[in-house]
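Asks: Dropping a prediction and its sequence here:
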Amino acid sequence: MKRLTLTFAIMCAACALSYAGSESYSGKDKEIVQQAPAPCEWYRAHEWDFNLWGTVAFPYNTGHRTDFRTGDFDGEARLDGSQTEHIDLGEWSNDRFINRDNAWGGGLDIKYFWNKHWAAGAEGFVVDANDNIGGGGLGTITFRWPIGCSRFAPYTWAGVGATSGGSHTSRFFNELQRGNEPEFRQNQTIKNRKANLTGQFGAGLEVRITKHIGIMGDYAYNVLQYGNNDFGMARFGVTLSY
C-alpha cells in the first residue's frame, strides 16, 4: 500500500512539472517547448493614421515660353531708325491652377484602417500657386502591403474631391487711344474663383520608426476638371498611428 501511494505521488509531481513553465517531461527525456513568437505589430488593423507632409507641386502643362508685343512704347527711335520694340514678357502658361514652374505647399490626411491593408480617409492641402493660394480636399481609399514583419509598407491610393483657388494667365489685346500709341498684346494673371472637380491617385512608401511613429514619401497625380489643369505632387512627411 505504501509503495502504491509513493508511486501515485511521484506521478502527480511529474504531471505538475510537465505543465509548469515552458518545459515538458516524458519519462527521463526532457523536451523544450518553444514559446510562439510575438505577432508583427508595426502595422495593425483598426488603427488611425495621421499624416502631416510638405510638398512641391508642378504642372503638366507648361504652356509657351515666349510672347512678345511690338510697337512704339516710349516714343524714342532705336538706333536703326525704327520705332518698333520687341519685348520678352517672360513665360506664360496654359495651366489653370499652379500656373508656374513649381509651387511649394503642405497638407495632411487622416485614414482609418478597418483591417491591416485597407483604409478610408480624407485629405486636404494648400499650394503657393502663381499670385494666389490654391487648395483642395478629397476623400480617399488606401491599400497598403507591409513587407513581412519589417518596418516597410508600400501603399497606393485613389481619391476624389475638389480644388479651388490658383490662377491662370490670359493674353489680352490692347489698343491705346492716345497719341500714336499702337496696338499690342499683353499677358495678365487672373485669380481663379471657381472650384474644380478633382481626382487623385498615387503610390508611396512608409517606414515605421516605432509602432506609433513613421516617415512617409509618395507621389500624387491630380486630374482637375476641364483641360490644362493636371499637376503632380512629391510629398514627404511623418505618420502618427494610434
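Replies: Nice, thanks for sending it over.
Asks: which helices and strands sit right next to the helix or strand containing Ala158?
Replies: Taking DSSP states H and E as the definition, Ala158 sits inside strand 152-165. Applying 3 or more CB pairs under 8 Å, 6 or more residues apart in numbering; DSSP states H and E, we find strand 152-165 packed against strand 118-129, strand 132-144, strand 196-208, strand 213-224. For glycine as for every other residue, the C-beta is placed from the backbone atoms N, C-alpha and C.
Asks: Give the rounded mean pLDDT of it.
Replies: In this model, strand 152-165 carries a mean pLDDT of 96.
Asks: Which positions within it qualify as buried?
Replies: Buried positions in strand 152-165, judged by neighbour count with 16 or more other CB atoms under 10 Å: 153, 155, 157, 159, 161, 163-165.
Asks: What of stretch 230-238?
Replies: Neighbour counts over stretch 230-238 (16+ other CB under 10 Å) mark 230-235, 237 as buried.
Asks: One more: stretch 197-204?
Replies: Quick answer for stretch 197-204 (16+ other CB under 10 Å): 198, 200-202, 204.
Asks: same thing with stretch 114-125?
Replies: Those would be 116, 119, 121, 123, 125, for stretch 114-125 by 16+ other CB under 10 Å.
Asks: just stretch 49-65 next, same as before
Replies: Neighbour-count burial for stretch 49-65 [16+ other CB under 10 Å]: 49, 51, 53, 55, 57-59, 61, 63.
Asks: Among the residues you listed, which lie within strands?
Replies: Members of the buried residues of stretch 49-65 lying in strands (criterion: DSSP state E): 49, 51, 53, 55, 57-59.
Asks: Arg171 touches Arg185, doesn't it?
Replies: Yes - using CB atoms under 8 Å, Arg171 makes contact with Arg185 at a distance of 5.7 Å.
Asks: any idea how far the residue lying closest to Leu197 once chain neighbours are set aside is from Asn196?
Replies: Of all residues not flanking Leu197 in the chain, Gln225 sits nearest, at 4.2 Å (CB to CB, 6 or more residues apart in numbering). According to CB to CB, to the nearest Å, Gln225 stands 4 Å off from Asn196.
Asks: okay, those two: which has more neighbours?
Replies: Asn196 (21 against 14; other CB atoms under 10 Å).
Asks: need the contact list for the more buried one.
Replies: 97, 162-164, 224-226, 229 (CB atoms under 8 Å, 6 or more residues apart in numbering).
Asks: Now tabulate these in TSV and tack on distance to Ile141.
Replies: Shown next, in TSV, are the contacts of Asn196 (distance: CB to CB, whole Å):
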residue	distance to Ile141
Phe97	24
Ala162	17
Thr163	19
Ser164	23
Leu224	20
Gln225	20
Tyr226	25
Asn229	23
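Asks: Extract the residue ranges of the protein that are flagged as low pLDDT.
Replies: 1-39, 62-94, 173-184 (pLDDT under 70).
Asks: Just list whatever residues bridge to Ser241.
Replies: Beta-bridge pairing for Ser241 (DSSP bridges): Asp49.
Asks: Touching, it and Glu47? I think so.
Replies: Yes - Ser241 is in contact with Glu47 according to CB under 8 Å; the separation is 5.3 Å.
Asks: more neighbours, the two?
Replies: Shown here are Ser241 and Glu47; by other CB under 10 Å, Ser241 has more neighbours (20 against 17).
Asks: gap between the more buried one and Phe50?
Replies: 8 Å.
Asks: Please apply the same query to Arg185.
Replies: Arg185 is 49 Å from Phe50, by CB to CB.
Asks: Check Gly135 too.
Replies: In this view, Gly135 and Phe50 are 19 Å apart by CB to CB.
Asks: circling back: so who does the residue nearest to Leu197 touch?
Replies: 196-198.
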